[in-house]
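>>> Fold the following and give me the result.
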Amino acid sequence: MQINDKSEITEYVADSQRYKHMTYNRTGKSGVLLPALSLGLWHNFGFIDSIQNAREVLRTAFDLGITHFDLANNYGPPYGSAEENFGTIFKKDFKNYRDELFVASKAGFDMWPGPYGNWGSRKYLISSLDQSLKRMGLDYVDVFYHHRPDPETPLEETMGALTDIVRQGKALYVGISNYQPEETQKAADILKYNNTPFILHQARYSMFDRWVENGLLDTLDANGVGCIAFSPLAQGMLTDRYLHGIPKGSRADKDMSYLSAETVTNNLDKILRLNDLAQNRGQKLSQMAIAWLLRKPTVASVLIGASSSNQLKENVKALDNLSFSAEEINLIDDVLG
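Presented below is the predicted three-dimensional model:
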C-alpha cells in the first residue's frame, strides 16, 4: 500500500530526546535491552486500516523510545499486509534508524494454502521468514519466533530450523510463543545444545490471565530467557471502556474473538474494584494493569497495541508509577481471587 504524496513530503526526523524517558529491561541473561513497552502490529496495521494512522503511531512510538516492533506473517488482515505496510513505512521513515530498531516476526499459524503454510516444519518456517523479509524490506529480523507448538512435527526439526535461520543471518535471536512450561524446557534444551541465542518467550499474560505463573516464569528464569507479555489489557477489559456497561460497537458488544459480553459481565465487579485501586494510585486502570505486569523481573516488556498516537501515549504513562506496596499487591490479589 502506498503513502500519499502529501505525507511523503514530510520527512521524519526522530525526537532527539527519545531515549530520555523510556525504561529498558534486560531480556533474560542476554545482552538485549527491550523497552518496557513494545508495539504490536497485530491490529490496526493491515490493508483494511489507514496507513497514515499506522505511520503516525509508529513515529510516535519511536519518539517515545519504543524501539521494539512486533509482527507476524499473518498479521493484517489480509495475511501479510501488516508486514507489507510496515515495510512501506520503514522505507520512508525508519531506514536510517534500522540499527536502533528491534524488529520481530513469527510463523506458526495458518498463512497460505496447502500442507506447507502452517505449523512448525522446517519448510514452513524458513519459507515464511523469507517472505516476511521481502514484505518488510529487511535483510534480517532481530528476533524470529515459532508462534505456537506443533504437536505433529518433531521439536528437533522446528528448533533446528530456528538454529539454521540464525546461522543464515536471517535473524539475530530466536523465541517461542504459546508454549507450555514442559515444552519450553525441551525447546530450551535443544536450542542450548545447538548454541542458538534463545532470548524470548511471548506469552498471553494479564491480571485476568495468570497461567504463566504456574511454572512458565520459573522455567524461563532457570534458562535465562525473558518473557514478553501480550494481551496485557485482557482484550480491553482492563481499561475504562467497560466501566459503565458494554458500549455499542465495542469488541464485547460484537462478541468478537477472545471477548464476549458474558465475559465482561462476569468480571465487571473485579473491573470496578481494580479501577478504584488504580485511581488511588493516580493511574488509569490500563496503566496499573501494565505496571502490575512489569513488576515481575522475568517480564522484559509488555506488548501493547494502539489504534492512535494518543492511546499509545496514555499507555506509556504507566511507566510513571511502576512501584507497588505490599498492601496494594495484596488488595489486587484479593480482588483477583
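
>>> contacts and neighbour counts: CA atoms only from here.
Noted.

>>> Residue ranges in the stretch 1-150 of the chain under the pLDDT threshold?
1-2, 4-9 (pLDDT under 70).

>>> where's Asp130 relative to Leu277, distance?
47 Å (Cα to Cα, to the nearest Å).

>>> can you check Leu34 too?
Leu34 is 28 Å from Leu277, by Cα to Cα.

>>> between the two, which one's more packed in?
Using other Cα atoms under 10 Å as the criterion, Leu34 and Leu277 rank with Leu34 on top: 22 against 19.

>>> Just the buried residues of the longest helix anywhere in the chain, please?
Ranked by residue count, the top helix of the chain under DSSP state H comes out as helix 261-280. Neighbour counts over helix 261-280 (16 or more other Cα atoms under 10 Å) mark Ala261, Val264, Leu268, Lys270, Ile271, Leu272, Leu274, Asn275, Leu277, Ala278 as buried.

>>> Could you do stretch 17-34 as well?
Result for stretch 17-34 [16+ other Cα under 10 Å]: buried residues Arg18, Tyr19, Met22, Thr23, Tyr24, Asn25, Arg26, Thr27, Gly28, Val32, Leu33, Leu34.

>>> Pick out the most distant pair among the residues you listed.
Spanning the widest gap among the buried residues of stretch 17-34 are Arg18 and Gly28, at 24.0 Å by Cα to Cα.

>>> ok so, going back, mind putting the buried residues of stretch 17-34 into JSON lines with secondary structure and distance to Asp221?
Shown next, in JSON lines, are the buried residues of stretch 17-34 (DSSP: H, G, I helix; E, B strand; the rest coil; distance: Cα to Cα, whole Å):
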{"residue": "Arg18", "secondary structure": "coil", "distance to Asp221": "30"}
{"residue": "Tyr19", "secondary structure": "coil", "distance to Asp221": "27"}
{"residue": "Met22", "secondary structure": "coil", "distance to Asp221": "24"}
{"residue": "Thr23", "secondary structure": "coil", "distance to Asp221": "21"}
{"residue": "Tyr24", "secondary structure": "strand", "distance to Asp221": "18"}
{"residue": "Asn25", "secondary structure": "strand", "distance to Asp221": "14"}
{"residue": "Arg26", "secondary structure": "strand", "distance to Asp221": "12"}
{"residue": "Thr27", "secondary structure": "coil", "distance to Asp221": "10"}
{"residue": "Gly28", "secondary structure": "coil", "distance to Asp221": "7"}
{"residue": "Val32", "secondary structure": "coil", "distance to Asp221": "15"}
{"residue": "Leu33", "secondary structure": "strand", "distance to Asp221": "16"}
{"residue": "Leu34", "secondary structure": "strand", "distance to Asp221": "17"}
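
>>> just these now: which is nearest Lys192?
Looking across the buried residues of stretch 17-34 and measuring by Cα to Cα, the closest to Lys192 is Gly28, at 14.0 Å.
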